[in-house]
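K.L.:
using only what follows, build the 3D model:
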Amino acid sequence: MTSTGGYDRSEPNGFRVNLYIILTSLLLIGIFVLSTFMYKTFISIEQDHFLETKTRSWATTYRQQQQDELKSYKWSNKSKGLVQVPISDAIDRLAQ
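P.N.:
Reported below is the predicted structural model:
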């Protein structure tokens, strides 16, 4: 009986080693692609929500300003004597 030094001296199966390396690489690439996709999706959803909230706030403010203008008196052209009249008053005057 000869002593082999306590370890296996046979050559590893090159095909299996290469197969495991390729499969591990594909798995890591898949995880990276999936993580990137999920990150971009979540960021996009968050940005959409932020923009929607900001737009809604802006639209509400703009609409309120427009309503205030329609309900107020002001000079359109003071030199020509043109006055802006509230829309409800203008309709009433036209109806008379």
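K.L.:
model confidence for Thr2, exactly?
P.N.:
At Thr2, the predicted lDDT confidence score is 54.
K.L.:
and if you look at Leu28?
P.N.:
At Leu28, the model reports a pLDDT of 97.
K.L.:
tell me what the host helix or strand of it is packed against?
P.N.:
For Leu28, the host element (DSSP states H and E) is helix 14-70. In terms of contacts (3 or more C-beta pairs under 8 Å, 6 or more residues apart in numbering; DSSP states H and E), helix 14-70 is not packed against any helix or strand. For every residue, glycine as well, the C-beta is placed using N, CA and C.
K.L.:
next helix or strand past it?
P.N.:
strand 74-77.
K.L.:
so what's the residue count around Val17?
P.N.:
Each residue near Val17 was counted by other C-beta atoms under 10 Å, and the total is 10.
K.L.:
distance of it from Thr24?
P.N.:
Applying C-beta to C-beta, to the nearest Å, the value for Val17 to Thr24 is 11 Å.
K.L.:
okay, now the unreliable bits of this protein?
P.N.:
Residues of the chain that meet the criterion pLDDT under 70 lie in 1-5.
K.L.:
make it 80
P.N.:
1-13, 50-57, 96 (pLDDT under 80).
K.L.:
which residues sit in contact with Val83?
P.N.:
Residues in contact with Val83, defined by C-beta atoms under 8 Å, 6 or more residues apart in numbering, are 73-76.
K.L.:
ok, Ile87 to Lys74 distance?
P.N.:
Remark: distance between Ile87 and Lys74 (C-beta to C-beta) = 13 Å.
K.L.:
for Ser44, same thing?
P.N.:
Look at Ser44 and Lys74: by C-beta to C-beta, they are 44 Å apart.
K.L.:
coming back round to it: could the contacts of Val83 go into CSV alongside neighbour count and distance to Leu34?
P.N.:
Shown next, in CSV, are the contacts of Val83 (neighbours: other C-beta atoms under 10 Å; distance: C-beta to C-beta, whole Å):
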residue, neighbour count, distance to Leu34
Tyr73, 9, 62
Lys74, 10, 59
Trp75, 11, 63
Ser76, 10, 61
